[in-house]
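Peer 1: Okay, here's the prediction I keep looking at, along with the sequence it came from:
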Amino acid sequence: MRLGVMGGTFDPIHHGHLVAASEVQALFGLDEVVFVPTGQPWHKDGVSPAEHRYLMTVIATASNPRFTVSRVDIDRPGDTYTIDTLRDLTAQRPGDELFFITGADALAEILSWKNVAELFELAHFIGVTRPGHELADPGLPGNGVTLQEVPAMAISSTDCRDRVGRSEPIWYLVPDGVVQYINKYHLYAADRAIAGRPRNHT
Ligand SMILES: Nc1ncnc2c1ncn2[C@@H]1O[C@H](COP(=O)(O)OP(=O)(O)OP(=O)(O)O)[C@@H](O)[C@H]1O
Ligand SMILES: O=C(O)c1ccc[n+]([C@@H]2O[C@H](COP(=O)([O-])O)[C@@H](O)[C@H]2O)c1
């Protein structure tokens, strides 16, 4: 099986993530794209609890029969690294060919990722366009990375959180069910009533 892997903090998941995954699924003939919410992203502060991010990802992907969600990163104790994500998925799904999908901003940092050489033995890497970021091959070992243009969605999780904090709408930036989930649990709200610690923005 050709398995796409869409890793992310997803705080919250938005249509930029979903469009990128859908486009790559179709263009690369992937049988499935598994969304993998990070457990404890060591490189980001004040991230919302993993269960909220996981459930929002489940809600957002539920209507697409080719999309699934994995708990491998959130169930693994300690910091989240993609090398562990790919090792665990390889062990769970022997024989599958993995395609790790990453936006242009994350791709630009990829040479600093843990065990970078082994990463490219475990998966193909597909870098996708993202408004405001240059898409370039960072000079990867092995097979390198395939660069892929996808429909431009100028959406970020940071902006969605900021909007909620300012009581501005996020309708149509994220799926309806995710808006409703955020409202239900008061995520990102200025009063921080139940959960979700808004953070400073990068
Ligand atoms: N609008 C977008 N278009 C294309 N790729 C995206 C877009 N938003 C995020 N991505 C990619 O999706 C993956 C997960 O992103 P992430 O969950 O960190 O979202 P984000 O919007 O970048 O969040 P934040 O604003 O909190 O940094 C990364 O590889 C990122 O580059
Ligand atoms: O493995 C690493 O060293 C590493 C460093 C930074 C980011 N990542 C992964 O890149 C994906 C996107 O991360 P982010 O921070 O843009 O949400 C997510 O799956 C992270 O686990 C991985």
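Peer 2: Structure's in. What do you need? Ligands and ions are numbered 1, 2, ... in the order given.

Peer 1: From here on, just use CA atoms for contacts and neighbour counts.
Peer 2: Will do.

Peer 1: Quick one: check stretch 111-121 for contact with ligand 2.
Peer 2: Yes. Against ligand 2, stretch 111-121 shows contacts by CA under 6 Å from any ligand atom at 113-114.

Peer 1: Quick check: buried residues in that stretch?
Peer 2: By 16 or more other CA atoms under 10 Å, the buried positions in stretch 111-121 come out as 119-120.

Peer 1: ok, now stretch 164-178?
Peer 2: Buried, per 16+ other CA under 10 Å, within stretch 164-178: 164-165, 170, 173-175, 178.

Peer 1: Could I get the contacting residues of Val33?
Peer 2: Applying CA atoms under 8 Å, 6 or more residues apart in numbering to Val33 gives the contacts 3-6, 21, 25, 66-68.

Peer 1: what about this protein, any weak spots by pLDDT?
Peer 2: In the predicted model of the chain, residues 41, 141-143, 191-202 satisfy pLDDT under 70.

Peer 1: coming back round to it: looking at the contacts of Val33, spot the one nearest Thr57.
Peer 2: Of all the contacts of Val33, Thr57 sits closest to Thr68, with 9.1 Å by CA to CA.

Peer 1: That closest one belongs to a strand?
Peer 2: Yes. Applying DSSP: H, G, I helix; E, B strand; the rest coil, one finds Thr68 inside a strand.

Peer 1: what's around it, how many residues?
Peer 2: By other CA atoms under 10 Å, 18 other residues sit near Thr68.

Peer 1: Repeat that for the one 3 residues further on.
Peer 2: Here the number of neighbours of Arg71 (other CA under 10 Å) works out to 16.

Peer 1: Please apply the same query to Thr80.
Peer 2: 19.

Peer 1: can you start the count at 59 instead of 1 from here on
Peer 2: Let's use 59 as the start, then, which means that last one is Thr138.

Peer 1: sorry, back to before: from the contacts of Val91, pick the one nearest ligand 2.
Peer 2: Met64 (6.8 Å; CA to the nearest ligand atom).

Peer 1: how about the spatially closest residue to that closest one that is not a sequence neighbour, secondary structure?
Peer 2: Distances taken as CA to CA, 6 or more residues apart in numbering place Phe93 nearest to Met64, at 4.7 Å, with adjacent residues excluded. At Phe93 the chain is in strand, as set by three-state DSSP.

Peer 1: Now do the contacts for Phe93.
Peer 2: So Phe93 contacts 63-66, 115, 125-128 (CA under 8 Å, 6+ apart).
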